[in-house]
Structures are given as C-alpha cells and as structure tokens.
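> Take this sequence and fold it.
(chains A, B, C and D)
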There are 2 protein chains.
Amino acid sequence: MTARDEPVIGREGARPKGVARRLEILDRAIEVFRERGADGTSLRRIAEAIGVSHAALLHYFDSREQLLVAVYAHAEAQRAASECTTPPTGIDVMVTAAIANVEVPGLVQLYTTLVAASLESQSEVGKAFFTARFERVRGQLTEDLRAAQQAGTVRDDLPAEHLAALIVAASDGLQVQWLLEPSVGLEETLRTLGELLKPH
Amino acid sequence: MTARDEPVIGREGARPKGVARRLEILDRAIEVFRERGADGTSLRRIAEAIGVSHAALLHYFDSREQLLVAVYAHAEAQRAASECTTPPTGIDVMVTAAIANVEVPGLVQLYTTLVAASLESQSEVGKAFFTARFERVRGQLTEDLRAAQQAGTVRDDLPAEHLAALIVAASDGLQVQWLLEPSVGLEETLRTLGELLKPH
DNA sequence: GTCTATACTTTGATAGAC
DNA sequence: GTCTATCAAAGTATAGAC
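Residues are numbered from 1 along each chain as shown, chains lettered A, B, ... in the order given. Sure thing, here's the model as predicted:
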C-alpha cells in the first residue's frame, strides 16, 4: 500500500490549496500525537498546538472524529510508505507492524479509541473507515497465507480467512494487553502465534 | 468466579444501606445498557432512565468512568454466576464467553470503550481494573492450558502463558471485528484457534 | 446517609464577520 | 479561508434540604 492509495478522509470537493493546507494540518497533528500521546486531544488543544483556532480545524474536517480518523489514516500511510520492501510472509508483516505501532504509544491509543468509537451507532466515518480497513487487511493477509499454504510454510488444513482474522485480532488485542502490562511480551507472543501456524 | 468475589468498585467505606442502593443503581444501569446499548450513556441520561438526578449517581460513584467500570464488572460477575458448571478446557470457556458477550452488543461496546479509555494516562480506576482483569483471566487460562498440555489435549511445545495471552487477545479482537462485520464468523474462527492449539 | 438544586468548566459544533 | 462569538451538552463539584 502506497501513500497514493490513501483514501481522502474529509471534504470531497476540496480544492488543491485546501488539500495542501489539510495535509499541513495533518502533519502537525501527528506531531502533536507523537509528542503528547492521545490523552488530551480535544479540538481546542490540537488547534492551540498547531496555532489556529478550533473552528479552523472544523473548516477542513466535518467533525472531531473525522479529524482523528484522518490523522490515524495519514500516520498509517506514512509508515506503510516508509517500508519499501514488503516482507513475504503474512505473520512477519503483522509482527513488525505491531512492534512499530507500539513504539508510538499514542498511535495505538488513538487506534483503540477510534475503533471503540466506531462501534457506536452514531459513528459514520469511523465505522466506514475501520470496516474497510479490517476487510482490506484481512484480504491481503488471506492472500499471503494462501500462498504460504501452497508453499508449505503454513499449515493448509485450516481456512486462510480464519487465520487472517485471528492474526489481526491477536495483534490488536496483544498491543492493548502490552500497553497495560509490558511484561506480556508482545513480540515473543506474536512469534508464538507464528509457530502455531507452521505445518506439522 | 462467583459474585462473592466481585471487587467493590467505588466508595470503600460504603455502609450496608449504601451498598444495597448501589447495587440497585447498578442493576438498573445494566438494564439501560441492555435496552439502548452503550451509545448515549452520559451521566445525565443514565440518571434520567433510572429516575434520579445525575448528582445522585456521583454520590455513589466518584466519577463517570468509575460508574461504567462498576456496571461492566457487575454484568460480568452476574454472567459468571449464572454459569454454574465451568467447562474444563480453556478455549471453550473463551468461545462460550465470546458468544455470550456478543449477544449483548452493548456490553462489548462498553468493554471496548472502557479498555480504550483505560489506556489514557488520566484513567486510574479503569487502568487498575483492566490490568487486574487481564492478569486474572490470563492466569486462569494459563493454568487450564498447562493442565491440558499435561493431559495431551493441547500441544506442549509452546509456553502456556503465550497461548493464554493469544486466546484473550484473539477473543477480544474478534468480537470487535464481528461487530463491524458479522460475516467474519466469530464462533467458527475461535474454533479454528482451538484447532491450532491441538497437538500434532 | 441520601438526594436535589445549582453553578463551574470544558467540550464539539454552528453562524456570521472580515 | 480564518477568525470571534455563541450555543447546547457533558463531567464535575459544592451547598444544603430531608
């Protein structure tokens, strides 16, 4: 996935100038999250850190949730773009992604918060974004796993779709457990999942 | 786990009468969640549904988060108490628990929201509750798995602690994926995880 | 001990001026 | 395109009635 594929979250009919300013705001917002985490991320605090009014942010994003989703999507796209070489096996992708996520605690916190918010019935953008994201990640992982099954590196007696969903779920869930209790051992536990997937 | 073991979330020095009223409030709050989900669960809405002022709720609970954590803890304890017979194998426990959870969407939503909130640095009660809960569930599951490993029903070439953390993470993560996209197949995927755990 | 009334502060969101 | 002004709602805290 390259940055070119990044879906534009927010105003659809944005002008080029507006798009540039939007990206500028997103970049600065990501910096804010990296520095201070995802704790006091009200519209006013973000706006203050960027140097504009909170109403200005709502000029580019229809709601606070839309801004936060755009921030997460942008950060994810940036990280994906920085990885030029895509590792072959699916489990390694998730391991390295989880490790990279956890090195920026604010992002995991933001991700978890947004996923939880997307479960609420009011959430429109969040539900759409994460539904699509889960489907995309599971789909990609399923392909990788199927190839690995044919190559003989992953056991082929279980459906790849299930394994893909399990990997995503385990990765998400372990990151949360690790944030609450670092002794869980994120990397080792994910590698144990990798062992589980190997053929007999 | 019986209801007797339920930790008292909230005021420590509560009198018997206060405890009774507290439980009454919790019972009614759970009803509210069952009926309307966890969408518009502000203190004022909950209070209105119960028939008291929102300030009255804060007489029994120090904060909104404390009330919500108590609601979840109470609902979990109720459900645990209703299961008299504890299934032997660890994976089945998680499967049935996940199925039961998902039948009350509001509870999963509440759980996910509270876990996300507990990651914030301000969260005190939430962080304490979920850290303890994860440790307790992982510990119990680790014991079950170790017994199953010695009985030969679970492969013993991988550490039980890792498997326990994986089961919890997969269960939590899959419930979220299922809520966003029911076609994921919560039960089947969890049973596939059970297959992964079987010895060669 | 229990609860209502009330006020304070912050929040997301909107409207309109420049 | 950006701001100020303003609003309604929310969490929180206090005072006092019973």
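> Buried residues in the helix or strand hosting residue A:19, which are they?
Secondary structure assignment for residue A:19, by DSSP states H and E: helix A:16-36. Within helix A:16-36, the residues that count as buried by 16 or more other C-beta atoms under 10 Å in any protein chain shown are A:21, A:22, A:25, A:26, A:29, A:30, A:32, A:33. In this view, the C-beta of every residue, glycine as well, is placed from N, C-alpha and C.
> For the helix or strand that comes right after it, which helices and strands make contact with it?
For helix A:16-36, the following helix or strand on the C-terminal side (DSSP H and E) is helix A:43-50. Applying 3 or more C-beta pairs under 8 Å, 6 or more residues apart in numbering or on different chains; DSSP states H and E, one finds that helix A:43-50 contacts helix A:16-36, helix A:54-60, helix A:64-82.
> Packing partners of the shortest one?
The one in question is helix A:54-60. Right, helix A:54-60 is packed against helix A:16-36, helix A:43-50 by 3+ C-beta pairs under 8 Å, 6+ apart.
> I'd like these laid out as CSV, including distance to residue A:200.
Converted to CSV, the helices and strands packed on helix A:54-60 look like this (distance: least, C-beta to C-beta, whole Å):
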stretch, distance to residue A:200
helix A:16-36, 44
helix A:43-50, 52
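> follow-up on the earlier one: what would the buried residues of helix A:16-36 look like in TSV with pLDDT and distance to DNA strand C?
Converted to TSV, the buried residues of helix A:16-36 look like this (pLDDT from 0 to 100; distance: C-beta to the nearest atom of the strand, whole Å):
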residue	pLDDT	distance to DNA strand C
A:21	92	16
A:22	94	16
A:25	95	15
A:26	95	16
A:29	94	13
A:30	92	17
A:32	89	13
A:33	89	14
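> Name the nearest of these relative to DNA strand D.
residue A:21 (5.0 Å; C-beta to the nearest atom of the strand).
> List the contacts of the closest one.
residue A:60 (C-beta atoms under 8 Å, 6 or more residues apart in numbering or on different chains).
> Kindly format the C-alpha coordinates of the helix or strand encompassing residue A:116 as PDB.
Per DSSP H and E, residue A:116 falls inside helix A:105-118. What follows is helix A:105-118, C-alpha atoms only, in PDB (Å, rounded to 0.1, in the frame of the first residue of the first chain):
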ATOM      1  CA  PRO A 105       2.100   4.600  22.200                       C
ATOM      2  CA  GLY A 106      -0.100   7.500  21.200                       C
ATOM      3  CA  LEU A 107      -1.000   5.800  17.900                       C
ATOM      4  CA  VAL A 108      -2.100   2.500  19.500                       C
ATOM      5  CA  GLN A 109      -4.100   4.500  21.900                       C
ATOM      6  CA  LEU A 110      -5.700   6.600  19.100                       C
ATOM      7  CA  TYR A 111      -6.400   3.400  17.100                       C
ATOM      8  CA  THR A 112      -8.100   1.700  20.100                       C
ATOM      9  CA  THR A 113     -10.100   4.700  20.900                       C
ATOM     10  CA  LEU A 114     -11.300   5.200  17.400                       C
ATOM     11  CA  VAL A 115     -12.200   1.500  16.900                       C
ATOM     12  CA  ALA A 116     -14.300   1.700  20.100                       C
ATOM     13  CA  ALA A 117     -16.000   4.900  18.900                       C
ATOM     14  CA  SER A 118     -16.700   3.300  15.600                       C
END
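> If we ignore the residues flanking it in sequence, what's nearest residue A:98?
Using C-beta to C-beta, 6 or more residues apart in numbering or on different chains and skipping the chain neighbours, the partner closest in space to residue A:98 is residue A:171 (4.9 Å).
> which residues are there in chain A that come within reach of DNA strand C?
Residues of chain A found near DNA strand C (C-beta under 7 Å from any atom of the strand) are A:40-45, A:54-55, A:58, A:62-65.
> count of neighbours near the closest residue to residue A:118 other than its chain neighbours?
Once flanking residues are discounted, residue A:118 sits nearest to residue A:126: 3.5 Å by C-beta to C-beta, 6+ apart. Residues lying near residue A:126 (other C-beta atoms under 10 Å in any protein chain shown) number 24.
> Next: residue A:166.
Other residues lying near residue A:166 total 27 when counted by other C-beta under 10 Å.
> Give me the angle between the longest helix along chain A and helix A:105-118.
Taking DSSP state H as the criterion, chain A has its longest helix at helix A:125-151. Going by axes from the mean of the first three to the mean of the last three C-alpha atoms, to 10 degrees, helix A:125-151 is angled at 110 degrees with respect to helix A:105-118.
> got the contact list for residue A:33?
Applying C-beta under 8 Å, 6+ apart, the residues near residue A:33 are A:41, A:71, A:75, A:104, A:106, A:107, A:110.
> could you redo the last one with a cut-off of 6 Å?
residue A:106 (C-beta atoms under 6 Å, 6 or more residues apart in numbering or on different chains).
> How about the residues of chain A by chain B?
For chain A, the residues in contact with chain B (C-beta under 6 Å from any C-beta of the partner chain) are A:39, A:109, A:112-113, A:116, A:119-121, A:131, A:134, A:158, A:162, A:165-166, A:169-170, A:172-174, A:177, A:179-181, A:184, A:189, A:192-193, A:195-196, A:200.
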